[in-house]
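> Predicted model and sequence below, questions to follow.
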Amino acid sequence: MLLYLKLCLFLLLVSFYSKANTCLPDVEGLCTPGVTIEEQVTIEETEEDKGTEIIYTTTTTTTTTTTTVTNEDSGDILDGENEYVTTSKEGDMDIDWGGQGPASMPSGNSCGQLGTDKCAMITGSGNNTSTMGVSGMGTTFINTIDISDLQIDNGGEVKYSIKVDKQDAQDRIYMHVTGYNGTTSVFSGTDILSESGVSSGYQSYNGSFDFGGVLNKITVEIGGRDINLAIGPMFDDVTVNVFYNVINTIIEQQITTVEEIVYLNLTDPTELDLIEEIIEYNDISIDESGEIEFAPIESVQEEVTYESVEIEIAELNIDIPEPEVEVVQAESEIEAEIELEMEEIEVVEPEPEETTEEPQEESQEPEQETPKTVQKEKDSEEKVEEEKSSEPKVSEKEKAATKIVKKIDDKERYDDAAQMKTLIVMQILGNTKTFFDAQTNIVDTNVNEYLNKTIEDQYGILFDMAQGQTMNRMINQQYGTN
């Protein structure tokens, strides 16, 4: 006989995919924010033979990798309030950053449409290569900003803005940004804002540079040439923001184990009953760690009252039909029993003994057998009637009550509800409903009278009698001496 007992752990895995592309660490630029979920499933099957049973184990390992991508903004790193630069290196150009070639810091109407506060002016006419490698340079303003606190390691984008007023079309001005990972250049970009020969006048420029990987330092260089040495290119209100990718990766591993236990040659019914009872009377569940928990099922017991049992007996009493008494068959059985008795009497009747004596006088009458047989039949009939009359008559109520008691499950026969129902059935059959009525206390009016009586102390009498006896006399009396 084979018994298959399966213990299974079930896990529901729900996967969703909200991003079309994957943002790898070496990707340059900003990634699309979103969540990417990848699953890898491995299945391992083992078999263990223990002689009396074989255990088949299937282990499914599901590795779920959840990647969340967001874009963060450093804010303007040239704003002193963001604490990346000091006041002298802010982008409002109230103070010269320092750099290559000649420069001036005009204010008021000299700044044109840049405002009446201070601005920066390129006054160098040289044609050199700047520190950051830009050619056609006569003057530069250089600013290096440490942004290591941002902990950028998944790439992003550097965006800038600058306001320029170029009154001489022959002048030129450019914007250059270089990003570093330590001393290694991560990216380098130059935008020519206004080239020689272009009458740009007042303009606001915006630009950006993508990068990948780690970024912890940025160098900003603004330069150009004043060709005619009249009014050189002027600029103000420089901003630089770093937008970078933040990638959070969570790896979860879920192991699901399914065991199939095959018992070999299991013939003991006790073990089968035990397994069935465990399954029937317990709620079996599995917690998050995969452990199997057994919680007993609490059965709801019905409320048993005298009235409810009476109603149940009445309902059953209606359904029980009165058995028909087959009178003819009973009479036939009695007649057959009487005939059988008569035949037995005839068989054992003794034969007359032969004798050598002379026959007696004919005046002696033979024995009468017929009355004896008739008496036998009469006695047999009376006996049957007595037996029939002595049989107890079972009422319909008793039959219904018996049926109610038999309906109680053997496993629940000794619980509170079953015991109460059985007791009430007995009360109903005995017509002792008042058993459950409130009981009164009997007051003994003679208690105080008996408590006031005095019991004579017999031991005190004996003590008084012994006062007149000496110790020696008492000993002598004990041993029969005087």
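Right, received. Where do you want to start? As the structure is a computational prediction, the values presented were derived from the model and not from experiment.
> buried residues in the lengthiest strand in the chain?
Longest strand of the chain, by residue count under DSSP state E: strand 234-264. For strand 234-264, a neighbour-count test (16 or more other C-beta atoms under 10 Å) marks 234-247, 256, 259, 261-263 as buried. In this view, the C-beta of every residue, glycine as well, is placed from N, C-alpha and C.
> cool, and stretch 105-123?
Pro106, Cys111, Gly112, Leu114, Lys118, Cys119, Ala120, Met121, Ile122, Thr123.
> Wait, a strand at the third one?
No - under the criterion used here (DSSP: H, G, I helix; E, B strand; the rest coil), Gly112 is helix, not part of a strand.
> Just give the nearest non-adjacent residue to it, would you?
Asp165 (4.2 Å; C-beta to C-beta, 6 or more residues apart in numbering).
> Quick check: what element follows the lowest-mean-pLDDT helix or strand in the chain along the chain?
Lowest on mean pLDDT, DSSP states H and E among the helices and strands of the chain sits strand 2-8, with a mean of 39. Downstream of strand 2-8, the first helix or strand assigned by DSSP states H and E is strand 34-49.
> quick one: strands adjacent to that following strand?
strand 53-76 (antiparallel) (DSSP bridges).
> what's the angle from the partner strand to strand 234-264?
Relative orientation of strand 53-76 and strand 234-264, computed by axes from the mean of the first three to the mean of the last three C-alpha atoms, to 10 degrees: 170 degrees.
> buried stuff in strand 53-76?
For strand 53-76, by 16+ other C-beta under 10 Å, it's Thr60, Thr62, Thr64, Thr67, Thr68, Val69, Ser74, Asp76.
> Break the protein down into its structural domains.
Per automatic domain parsing, the structural domains of the chain span 2-69+249-296, 73-245.
> Show me what whatever helix or strand Ile142 lives in is packed up against.
Per DSSP H and E: Ile142 is located in strand 139-146. In terms of contacts (3 or more C-beta pairs under 8 Å, 6 or more residues apart in numbering; DSSP states H and E), strand 139-146 is packed against strand 217-225.
> Direction included, what does the longest strand of the chain pair against?
strand 2-8 (antiparallel), strand 53-76 (antiparallel), strand 120-122 (antiparallel), strand 156-166 (antiparallel).
> Pull the following helix or strand past the last one out as PDB, backbone CA atoms only.
Meaning strand 156-166. Under the assignment DSSP H and E, the closest C-terminal helix or strand after strand 156-166 is strand 172-181. What follows is strand 172-181, C-alpha atoms only, in PDB (Å, rounded to 0.1, in the frame of the first residue of the first chain):
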ATOM      1  CA  ARG A 172      33.700  86.500 -29.300                       C
ATOM      2  CA  ILE A 173      32.700  84.700 -26.000                       C
ATOM      3  CA  TYR A 174      32.500  81.000 -25.100                       C
ATOM      4  CA  MET A 175      31.400  78.700 -22.200                       C
ATOM      5  CA  HIS A 176      33.500  75.700 -21.200                       C
ATOM      6  CA  VAL A 177      32.800  73.000 -18.600                       C
ATOM      7  CA  THR A 178      35.000  70.000 -17.600                       C
ATOM      8  CA  GLY A 179      33.900  67.300 -15.200                       C
ATOM      9  CA  TYR A 180      36.300  65.100 -13.100                       C
ATOM     10  CA  ASN A 181      36.400  61.900 -11.200                       C
END
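> so what strands line up beside strand 172-181?
Applying DSSP bridges, strand 172-181 is found paired with strand 184-194 (antiparallel), strand 217-225 (antiparallel).
> Find the nearest non-adjacent residue to Asn241, please.
Lys159 (5.0 Å).
> Can you name the residues that contact that neighbour?
Asn206, Gly207, Ser208, Val240, Asn241, Val242, Phe243 (C-beta atoms under 8 Å, 6 or more residues apart in numbering).
> Apply 10 Å and report the result again.
Taking C-beta atoms under 10 Å, 6 or more residues apart in numbering, we find Lys159 in contact with Asp73, Val177, Asn206, Gly207, Ser208, Phe209, Thr239, Val240, Asn241, Val242, Phe243.
> Kindly reformat these as TSV containing distance to Met137 and pLDDT.
TSV is the format used below for those (distance: C-beta to C-beta, whole Å; pLDDT from 0 to 100):
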residue	distance to Met137	pLDDT
Asp73	31	97
Val177	15	98
Asn206	22	97
Gly207	18	97
Ser208	22	97
Phe209	19	97
Thr239	23	98
Val240	20	98
Asn241	25	98
Val242	25	98
Phe243	29	97
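> Tell me the one of the residues you listed nearest Trp97?
Nearest to Trp97 out of the contacts of Lys159 is Val240 (C-beta to C-beta; 12.6 Å).
> next SSE after the longest strand of the chain?
helix 269-280.
> Could you check the angle the helix or strand just after that following helix makes with helix 269-280?
Next helix or strand after helix 269-280 toward the C-terminus (DSSP H and E): strand 282-286. Between strand 282-286 and helix 269-280, the angle comes out at 70 degrees (the same axes, to 10 degrees).
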